[in-house]
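Student: Here's a sequence, model it:
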Amino acid sequence: MTKKKRLVLFIFLVVLFLIISPLIIFYSLGWRFDWQTKKITQPGIFYFNVYPKNVQIYLDGVIKKKTDFFFGSVIIENLPPKKYDVEIKKEGFHSWKKTLEIKKLKATEAKDVILVPQNPIFAVISKKVEESFFSPDQKKIILKETFPTSPENSDSSNWALKLFELDKNIKSHLIEPNRIHSNSADINGNDANIKKEIHLNDLKFSLDSKMILLELKISIHSPVDSLTDETKREEKPIENKEEKLEYYILEIDKVPPTLFSLSFLGPNVKRVDFNPKDSQKLFTLTVSSEETEELVPENKNDSSDLHQEKTDKQTKTLSEIDLVDEKASSSVLENIIDYSITENAIYYLDASGFLFKTDFSLNWRDKLNTDPFPLKKDAEYKITASPFDVILIEDETLYVFDKKNNSFKKISEFVKDFKFAPDFKKIAYFNNYEIWVLFLEQKENQPQKETGDKLFLTRFSERIDKVFWYTNHYLIFNTEDKIKITEIDDRDRINIVDFAEFEKPEIFWNQDNKKLYILTDKNLYVSEKLTP
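Tutor: Prediction:
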């Protein structure tokens, strides 16, 4: 090659380098040429993570990719900045649709997409079920089954408790009323005219799921006299009815199950809870009444004319009870309005409006709010605590304790109930027709949320019954006969699907095995596994 040819080649390569180098640099910086708009743009990407795996991703009606088999995720690159109609499909599942925007050099994410099966499979696991109670570890169900003693007698007091172990798929008999010997002398008497009924009023599990606490309502019916009906010239008996609450503990991990009475607690006990750290200890709330006199106005609109009026002042006391010694500890908490027990502490609101935190010994207490919460005289209060937050409901008004300002913050009125998310970073609260989500912590994933943000999900014409967190990003609930599942991603449309339909269903979502339990027409159904 001559010297001239070498010089020409060198100049050509230099020019080519000068042309290609900027293109490579611009390409590495994310610049692309959009052949549709004939413009140079900086594209973005989509990132999806979906359950189930191996689903199809459509953009503007054109299939782009499938999620991978191992992680259920996919990245779609080099997308010009604009809004895309996204649809995620898989045969046998409801599609997920949303319009999402790609921005320059940004990743638009949808990390927590769950596709809901179109025809879920349900199986009957038990019949003649009146009520069901799930254990804290969600591995056991206590079933209250009713049965008539004869075709003519369908008395609701004819019931039995059964234990259904989910891991073993085994149902075993626990107890029925004729095994419960009430502490009332009237009931245990030999008078043939005395009739007793034992109803299950409430059932609670110990935290280790090995014991259950039974709250029973004992009804005593005894004739005291007779009355002549002048119109029919016959005598009708006058029946005296007495009712009382009695508490029992049933050790369901023993064979046979062991039942023992808590009669030593006394007649003034209104609430009993297990100690989360020691199932051989209980916490009891006793109520004592004292007649007092106070000055009240004759006229509500005129407070100048006062008179004495007698009222019953109730005092609530929280105590710890040792089941072995059958004695209460020396430390008690008085003037309790309501309390909530977590795994490591007790939170309670006292009659002065202060919120306290204490340990299970009840020996110390930490006052959490600076100024007292203004209590209403005739209002009902309920305290619910998670490991991180405290929720107060006053009648139907929901408050969250603001740790920064040390006070309760009003969130919403007309609240029927609420549920903590599994991650405790948000709550879903609802009334008869609306569902909202409150974010208790900042959410950094898309769509981003700040602490205290409220999200209105939907409004229905049918009444909402129960709401559960399906995952940390989805809710499952029922409106009358329909069971629905909704996401909480409020970008564009919110995907809500009709999951199943049963007559007057009682639903329970099991976070442990990811199955839905439905009680309808005294049959208990269970779904297939629905989420990862």
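
Student: got the contact list for Asn432?
Tutor: Lys416, Arg463, Ile464 (Cβ atoms under 8 Å, 6 or more residues apart in numbering). Where C-beta positions appear, they are placed from N, C-alpha and C, glycine not excepted.

Student: Looking at the residues you listed, which is nearest Lys103?
Tutor: Nearest to Lys103, judged by Cβ to Cβ, of the contacts of Asn432 is Ile464 at 36.5 Å.

Student: was I right about that closest one contacting Phe430?
Tutor: Yes. With contacts counted by Cβ atoms under 8 Å, Ile464 reaches Phe430, the gap being 5.4 Å.

Student: Which parts of the stretch 101-250 of the chain are strands?
Tutor: For the stretch 101-250 of the chain, the strands defined by DSSP state E, counting those that start in this stretch cover 107-114, 122-127, 129-134, 140-146, 159-165, 170-175, 195-205, 211-229, 234-251.

Student: ditto for the stretch 351-500 of the chain
Tutor: In the stretch 351-500 of the chain, the strands defined using DSSP E, counting those that start in this stretch lie at 355-358, 365-367, 381-385, 390-394, 397-402, 407-412, 417-420, 426-430, 434-439, 454-459, 464-471, 474-479, 482-487, 496-501.

Student: quick revisit: among the strands of the stretch 101-250 of the chain, which comes closest to Tyr348?
Tutor: Of the strands of the stretch 101-250 of the chain, nearest to Tyr348 by Cβ to Cβ is strand 195-205, at 18.1 Å.

Student: got the angle between that closest one and strand 159-165?
Tutor: Interaxial angle, strand 195-205 versus strand 159-165 (axes from the mean of the first three to the mean of the last three Cα atoms, to 10 degrees): 20 degrees.

Student: Any idea how far strand 195-205 is from the middle of the chain?
Tutor: The gap between where strand 195-205 is centred and where its chain is centred comes out at 24 Å by Cα atoms, centre = their mean, to the nearest Å.

Student: Who are the packing partners of it?
Tutor: Under the contact criterion of 3 or more Cβ pairs under 8 Å, 6 or more residues apart in numbering; DSSP states H and E, strand 195-205 touches strand 129-134, strand 140-146, strand 211-229, strand 269-275.

Student: hmm, try it at 7 Å
Tutor: Strand 195-205 sits against strand 211-229, with contacts defined as 3 or more Cβ pairs under 7 Å, 6 or more residues apart in numbering; DSSP states H and E.

Student: quick revisit: neighbour count for Ile464 and Phe430, which is higher?
Tutor: Shown here are Ile464 and Phe430; by other Cβ atoms under 10 Å, Phe430 has more neighbours (25 against 21).

Student: That one against Asp465, yeah?
Tutor: No. Counting by Cβ atoms under 7 Å, Phe430 does not reach Asp465; the two are 9.7 Å apart.

Student: on that earlier part again, can you list the strands of the stretch 351-500 of the chain in CSV and add mean pLDDT and distance to Glu197?
Tutor: Below are these laid out as CSV (pLDDT from 0 to 100; distance: least, Cβ to Cβ, whole Å):
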stretch, mean pLDDT, distance to Glu197
strand 355-358, 98, 39
strand 365-367, 96, 42
strand 381-385, 97, 29
strand 390-394, 98, 32
strand 397-402, 98, 37
strand 407-412, 98, 40
strand 417-420, 98, 30
strand 426-430, 98, 35
strand 434-439, 98, 39
strand 454-459, 96, 42
strand 464-471, 98, 28
strand 474-479, 98, 31
strand 482-487, 98, 34
strand 496-501, 97, 36
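
Student: Throw the ones you listed into JSON lines and include distance to Lys168, thanks.
Tutor: Listed next are the strands of the stretch 351-500 of the chain as JSON lines, based on distance: least, Cβ to Cβ, whole Å:
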{"stretch": "strand 355-358", "distance to Lys168": "39"}
{"stretch": "strand 365-367", "distance to Lys168": "43"}
{"stretch": "strand 381-385", "distance to Lys168": "32"}
{"stretch": "strand 390-394", "distance to Lys168": "36"}
{"stretch": "strand 397-402", "distance to Lys168": "40"}
{"stretch": "strand 407-412", "distance to Lys168": "42"}
{"stretch": "strand 417-420", "distance to Lys168": "29"}
{"stretch": "strand 426-430", "distance to Lys168": "33"}
{"stretch": "strand 434-439", "distance to Lys168": "36"}
{"stretch": "strand 454-459", "distance to Lys168": "38"}
{"stretch": "strand 464-471", "distance to Lys168": "24"}
{"stretch": "strand 474-479", "distance to Lys168": "26"}
{"stretch": "strand 482-487", "distance to Lys168": "27"}
{"stretch": "strand 496-501", "distance to Lys168": "26"}
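
Student: Asn513: which of those strands is closest?
Tutor: strand 464-471 (13.4 Å).

Student: partner strands of the closest one, parallel or antiparallel?
Tutor: strand 474-479 (antiparallel) (DSSP bridges).

Student: roughly how far is the partner strand from the heart of the chain?
Tutor: 11 Å.

Student: Send me that strand as PDB with only the CA atoms.
Tutor: Taking Å, rounded to 0.1, in the frame of the first residue of the first chain, the C-alpha atoms of strand 474-479 are listed here in PDB:
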ATOM      1  CA  TYR A 474     -54.800  -6.200  47.100                       C
ATOM      2  CA  LEU A 475     -58.000  -6.500  49.100                       C
ATOM      3  CA  ILE A 476     -60.700  -9.200  49.100                       C
ATOM      4  CA  PHE A 477     -64.200  -8.400  50.400                       C
ATOM      5  CA  ASN A 478     -67.800  -9.300  49.800                       C
ATOM      6  CA  THR A 479     -70.800  -7.100  49.000                       C
END
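
Student: Let me see the contact set for the residue lying closest to Gln56 once chain neighbours are set aside.
Tutor: Nearest non-adjacent residue to Gln56, counting by Cβ to Cβ, 6 or more residues apart in numbering: Lys89, 4.7 Å away. Neighbour list for Lys89: Val55, Gln56, Tyr58, Ser95 [criterion: Cβ atoms under 7 Å, 6 or more residues apart in numbering].
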